[in-house]
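Enquirer: Have a look at this prediction, sequence included:
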Amino acid sequence: MEGFATVSTSTGCVFNIQHYSVHDGPGIRTIVFLKGCPLRCRWCCNPESQIAAPELAYNPNKCIGSSECHRCKDVCPTGGISVGDNGKIVIDRTRCAACFQCVEACPSKAMHVFGREMSVAEVIKIVEADNAFYSRSGGGLTISGGEPLMQPAFTLELIKESLRRRIDVTIETCGFADWQHLAEVARHLKLILFDIKSLNAEKHKSYTGVSNERILANFKRLRSEFPDLHILVRIPLIPGLNDTEEEIAEILGFLQGMQNITYELLPYHRMGQSKYEFLGRPYPMADVKLGDERAKALKDWARATYPGAK
Amino acid sequence: MAECCAVLSPHEQRLQEEMAGKCQDFGRPRAFGILREIITKKPKIDIERAKYFTESMKTTEGQPLMLRWAKAMRHIAENCTVYIDDNQLIAGRVGKQGRYGILYPELDGDFLDLAIEQLPNRVESPFEITPEDARVIIEDVAPYWKGKTYHEALAKALPNETLKLTYDPKDPLKSRFIVNETSSFRSSIQWVHDYEKVLQRGLKSIKEEAQKKLAELDPLSPVDQMDKATFLQAVIIDCDAIIHWAKRHAALALEKANVETDPKRKQELLDMAERCAWVPENPARNFREAVQSQWFIQMWSRVEQKTGTIISNGRMDQYFYPFYKKDVAEGRLTDQDVLELLECMWVGMAQFIDLYISPTGGAFNEGYAHWEAVTIGGQTKDGRDATNELTYLFLKDKREFPLHYPDLAARIHTRAPERFLYEVAETIKEGSGFPKLINDEEVIPLLLAKGAKFEDAYDYAVSGCSECRMPNVETYTSPCAYINFPAALEMTIYNGKMKLQGDEIIGLQTGDPRTFKTWDEFWNAYLAQHTNFLKHAFIQQHIINNLRGKHFAWPLGTMLNDTCMNAMMDIHQPHIPNGIDLGYFELMGYGTLVDSLVVIKKLVYEDKKLSMDELIRAMEANFEGNEVVRQMVANAPKYGTNDEYADAIAKEIDRKCLEFTRKYSKELGIHLDLRLVPFTSHVPFGKVVSATPNGRKAYTPLSDGASASQGCDAKGPTAVLISNYNTKNYDFRERAARLLNIKFSPVTMAGEEGTRKLVSFIKTWCDLKLWHIQFNVINKATLLAAKKDPEKYRGLIVRIAGYSAYFTDLSPDLQDDLIARTEHTTV
């Protein structure tokens, strides 16, 4: 791959590359998660995706503890790391200079940095390793985030390079993006995964930090200007935000009459909770849950009521 | 969670679980009822085979071995008890009712007396034996065999340097699990008969063939009159013995019918009597006769010899098909009848317990695992897809009947029909991981490269764990060496010693690695130990090849093999003209070895994060109090994660093995091919290896087959496949099976979509020309185990739409939440 002189040299901040993904687009896919998101969804299961810059995480479960190891503390140039009462590490994030020497020093990977600058070539090489799976399954690359359009140039280059290598590619977007960026990307895609959370502007702002106006405007424009682009609308089912038939009906009603659209409801789960702890942040959803029964009932109801369920 | 072949999960336990929860009988109460009956019974030892075999052998000393064997078979056939079980549709078993094991004193007679005394008190899998039977073994059977068994002769024949890598020199019964021979706890490697020959021709025709050949022998030729004539007489005697044994069942069925009051059962017994009078002597005339005939041959194989991990069933969906088709067309047989008959066979198989007396044999086959692999799918002799209606009935039965017998193997090729792949995927999803898959696109070209004809290569059958047999062409039945390469690494680190053996120098003295300045120096020292193991494995095998024919014969296996019949030689003879001899040697602990070498190369020599001394001290302390070192090594690159660094070393290890065998197996006249198929032996092999540089604790299991080290498959299933592909040396025909177990969580397989993706995963595996794959569907038990023991399950990823996480990173209540969800999603 390095031999291809034409591969773009642009880089982007990637926080995860996940192989064998079977739920995010057709076939067996690799998901490249880009860092940075304009939204702050309370239920976000990837809190490490939100801030654009690389970010330090600390997993106390993996930490050996200060009785045997305090290498992170020893290397920290700002004195931001101390030992807590339980023998584990305490990070004063206000003093973190993001040098990540502690990550390098940590033998157990309890210290981890979310986000790494990677070139298009590096990412594509990892993605292409699973090529054999894509060709058999109709899978490929899904660029997700965060919000991929926070890094529009990198996203575009990744898309172009994938297509040049005949790798199917799609992106998952929250829709809160500059129209020009969205349009430039959409021109190359056959499918886009577009999240719609709520049609209620106030609630949307309260739960995600931004209003939905721009998102819905982008959505409508995308639909009218790219009629051949298949849109998979992903609706997270979030307790308090949209977990009623009325609220889901609003979203699905909004989609009615639009062509070339399918939708899926993704029930809220708390799997990201521990990462909030690793990043030193509170979990915004506290202990709210969505019952399996409730989720299933809503999905069944939607499927029975509105066409286009995935 | 099952290790290795999924059948290995403790069988009794699984049965009980299944039966407790899942009592639906799909309208076939008969076999379900028998199953319920047998699982509660404690296994018994049946001594008849050992007793009559020994009685006969005492009277035939000095005669040619195959003839002696045939006469012993005749003696057993005439005297053993014959059985017809209540409610069974198939007649015959080779031991007491309920679950039973039988004895092979030719293998272990010299210590059988001691073993029998201990057997009922054994903690794991105890066996019952009556005091009278124990007396017969101790007084009549065992004494005869002392000084006569194969393993005694082998221990004497091994040169000292080889012996000390093989056995404890003071007690040759104790394997060292270093360069381990596997030929003394079984008479042959797992094998497959050409069952079709019996069904289509009948034993009568084989007997006639032998009689005709006998008549045509040169009356003046000493070879013809001695070797060939006795061979042919043995075939005739053995055919007669089996036919006689079958007919005794016919008589018993009639007897039972006469006193049976239930008219339905009476008719069943009369039909059974008719079948047993006809097969296997004559060609089967219908499906029911074909099943009975196959069963007689399968059962009698067990009497003739202990075929290592048992005699496989071959391509059942092929050789039964003509009978099925005809009977269905003529309205004599329904699919439900077929399933009931097959289930009657499966419960019969489950009752036979592959009893190992030898401690090494027991260690190799934990839980008395046996794999009577049934092969389905694949291609016909002329290279067309071979699936038929029966293929799908086998899959349906595996989904419905809650038993781990038989082991089901599906042959996959690039033109396999979508329906087949989908039903295979659906069956895998049912939870038990069956069927395992074998790849025609890898196996067939290799068989061709080793000299097979197309029609034989296309017609191979899966045998045992992951081997493939051409039942009329292959003639090499010798079990081969299992080589503990992590032990070679231990000897590199401790200058020829192993911690378990104290100060004894077992390997080469390659120097103290603390003095090695470069990786190359270390690598060369390792290679010296590695090559020394191979050298002794091949010496061992050379001796074994020449010794086995003096101790074992197998009239039945021989007469069903065209090549042996043409050569008129028993299949245990070292070289049969025109036979293809596919032997192997086993690379044990691949992942453990590679990950350890990565640590040394990268952390010690390249990154210099660790000194060799620090590493060795941590290993000597079993990483206790050395958590920093342990974490460092645990976080180094791993095999099985599509990591270029680790895979480069792995490929080189694979290549070094292949180069050795390319050079030296020629002079042995056989193909000793590289194989990565441990069955459960990665556990006992681990028990002799102290802590390894990859952070593995002392005496814990080695990595299994071609799978990543425990807990290291952290990059998901595609990476494990790609790593396997990247580390294979496709330019060598000297490669053979790689066994690959892969974990899948039910959520990734859920629904129609999940099935579709599993199918494309299987197709990609086929494209990559990987030999074998078996899926472990992660169930609730796995998640519970992972919660309890997170170290072992570091690689366990749980995936939900749009999200995935390492299970062990989740908080306890989230783990519980997932455990609860898994309950719903497990199919």
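Expert: Yep, that arrived. Numbering: from 1, shown residues only, chains lettered A, B, ... in the order given.
Enquirer: Look up the closest residue to the residue of the stretch 701-827 of chain B found nearest chain A, ignoring the ones flanking it.
Expert: Across the stretch 701-827 of chain B, no residue is closer to chain A than B:Ser760, which sits at 3.2 Å (CB to the nearest CB). No exception for glycine: its C-beta is placed from N, CA and C like everyone else's. Among residues not flanking B:Ser760 along the chain, A:Ser137 sits closest, at 3.2 Å (CB to CB, 6 or more residues apart in numbering or on different chains).
Enquirer: And the next helix or strand past the worst-scoring helix or strand of chain B on mean pLDDT?
Expert: Across the helices and strands of chain B, mean pLDDT, DSSP states H and E gives its lowest value to helix B:11-21, namely a mean of 44. In the C-terminal direction, the helix or strand that comes right after helix B:11-21 (DSSP states H and E) is helix B:29-38.
Enquirer: tell me which strands and helices that following helix is in contact with?
Expert: Using 3 or more CB pairs under 8 Å, 6 or more residues apart in numbering or on different chains; DSSP states H and E, the elements in contact with helix B:29-38 are helix B:11-21, helix B:335-351.
Enquirer: secondary structure class for A:Phe33?
Expert: Counting by DSSP: H, G, I helix; E, B strand; the rest coil, the backbone at A:Phe33 sits in strand.
Enquirer: cool, and A:Gln259?
Expert: Under three-state DSSP, A:Gln259 comes out as coil.
Enquirer: That one contacts A:Pro227, doesn't it?
Expert: Yes - contact criterion CB atoms under 8 Å: A:Gln259 and A:Pro227 qualify, at 6.4 Å.
Enquirer: Would you point out which residue of the stretch 151-300 of chain B is nearest chain A?
Expert: Nearest to chain A, among the residues of the stretch 151-300 of chain B, is B:Val192, at 30.6 Å (CB to the nearest CB).
Enquirer: measure that residue to B:Leu199 for me?
Expert: As judged by CB to CB, to the nearest Å, B:Val192 and B:Leu199 stand 14 Å apart.
Enquirer: Tell me if stretch B:687-706 is near chain A.
Expert: No - using CB under 8 Å from any CB of the partner chain, stretch B:687-706 stays clear of chain A, with a minimum separation of 10.9 Å.
Enquirer: what comes up buried for that stretch?
Expert: Buried residues in stretch B:687-706, counted by 16 or more other CB atoms under 10 Å in any protein chain shown: B:688-696, B:698, B:700-706.
Enquirer: ok, now stretch A:207-214?
Expert: Neighbour-count burial for stretch A:207-214 flags A:207-208, A:210, A:212 (criterion: 16+ other CB under 10 Å).
Enquirer: any idea where the helices of the stretch 251-400 of chain B begin and end?
Expert: Secondary structure of the stretch 251-400 of chain B, counting by DSSP state H, counting those that start in this stretch: helices at B:263-278, B:287-304, B:316-319, B:321-329, B:335-351, B:359-364, B:389-400.
Enquirer: What are the buried residues along the shortest one?
Expert: If you call a residue buried by 16+ other CB under 10 Å, then helix B:316-319 has these buried ones: B:316-319.
Enquirer: That one packs against which elements?
Expert: Going by 3+ CB pairs under 8 Å, 6+ apart, helix B:316-319 lies up against helix B:195-216, helix B:287-304, strand B:374-377, helix B:389-400.
Enquirer: and the shortest one, what does it pack onto?
Expert: With contacts defined as 3+ CB pairs under 8 Å, 6+ apart, the secondary structure elements packing on strand B:374-377 are helix B:316-319, helix B:389-400, strand B:408-412.
Enquirer: Please work out which of these is packed deepest.
Expert: The highest average neighbour count among the helices and strands packed on strand B:374-377, using mean count of other CB atoms under 10 Å in any protein chain shown, belongs to strand B:408-412 at a mean of 27.
Enquirer: okay, the angle between the next helix or strand after that one and helix B:389-400?
Expert: The element immediately downstream of strand B:408-412 (helix or strand, assigned by DSSP H and E) is helix B:418-429. Counting by axes from the mean of the first three to the mean of the last three CA atoms, to 10 degrees, helix B:418-429 lies at 20 degrees to helix B:389-400.
Enquirer: so what does the helix or strand following helix B:418-429 touch, helix or strand wise?
Expert: Going down the chain from helix B:418-429, the next helix or strand is strand B:436-439, by DSSP H and E. Counting contacts by 3+ CB pairs under 8 Å, 6+ apart, strand B:436-439 packs against strand B:408-412, helix B:751-767, strand B:772-777.
Enquirer: helix, strand or coil for B:Pro717?
Expert: Classification of B:Pro717 using three-state DSSP returns helix.
Enquirer: For it, give its distance to A:Val22.
Expert: 10 Å.
Enquirer: Could you check which of the two has the larger neighbour count?
Expert: Using other CB atoms under 10 Å in any protein chain shown as the criterion, B:Pro717 and A:Val22 rank with A:Val22 on top: 24 against 21.
Enquirer: which residues sit in contact with that one?
Expert: A:28-29, B:748, B:753-754, B:757, B:799 (CB atoms under 8 Å, 6 or more residues apart in numbering or on different chains).
Enquirer: And what about B:Gly95, helix, strand or coil?
Expert: When classified by three-state DSSP, B:Gly95 comes out as coil.
Enquirer: What residues does the stretch 51-200 of chain A have near chain B?
Expert: A:59, A:61-62, A:64, A:68-69, A:71, A:107-109, A:129-130, A:132-133, A:135-139, A:144, A:172.
Enquirer: Domain-wise, how is chain B divided?
Expert: B:1-40+B:308-476, B:160-186+B:482-553+B:581-737 (automatic domain parsing).
Enquirer: could these go into JSON lines alongside distance to A:Gly280?
Expert: Below are the domains of chain B laid out as JSON lines (distance: least, CB to CB, whole Å):
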{"stretch": "domain B:1-40+B:308-476", "distance to A:Gly280": "35"}
{"stretch": "domain B:160-186+B:482-553+B:581-737", "distance to A:Gly280": "22"}
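Enquirer: And these, which one averages the lowest pLDDT?
Expert: For these, mean pLDDT drops lowest on domain B:1-40+B:308-476, to a mean of 84.
Enquirer: and that one, how far out from the chain's middle?
Expert: Domain B:1-40+B:308-476 sits 13 Å away from the centroid of its parent chain (CA atoms, centre = their mean, to the nearest Å).
Enquirer: Check the secondary structure at the residue with the largest distance to the centre of chain B for me.
Expert: Residue farthest from the centre of chain B, counting by CA atoms, centre = their mean, is B:Leu220 at 45.1 Å. Of the three states, B:Leu220 takes coil according to three-state DSSP.
Enquirer: in terms of contact, does B:Pro555 touch B:Met73 like I think?
Expert: Yes - between B:Pro555 and B:Met73 there is a contact at 6.6 Å, judged by CB under 8 Å.
Enquirer: what sits in contact with each of those two?
Expert: B:237-238, B:304.
Enquirer: and which of the residues you listed is nearest to B:His151?
Expert: B:Glu304 (19.1 Å; CB to CB).
Enquirer: contacting residues around that closest one?
Expert: B:69, B:73, B:554-557.
Enquirer: rerun that using 10 Å as the cut-off
Expert: Under the criterion of CB atoms under 10 Å, 6 or more residues apart in numbering or on different chains, the neighbours of B:Glu304 are B:49, B:53, B:69-70, B:72-73, B:76, B:104, B:187-188, B:238, B:241-242, B:311, B:552-558.
Enquirer: do the same with A:Glu250
Expert: A:Glu250 neighbours (CB under 10 Å, 6+ apart): A:196, A:198-200, A:242, A:244.
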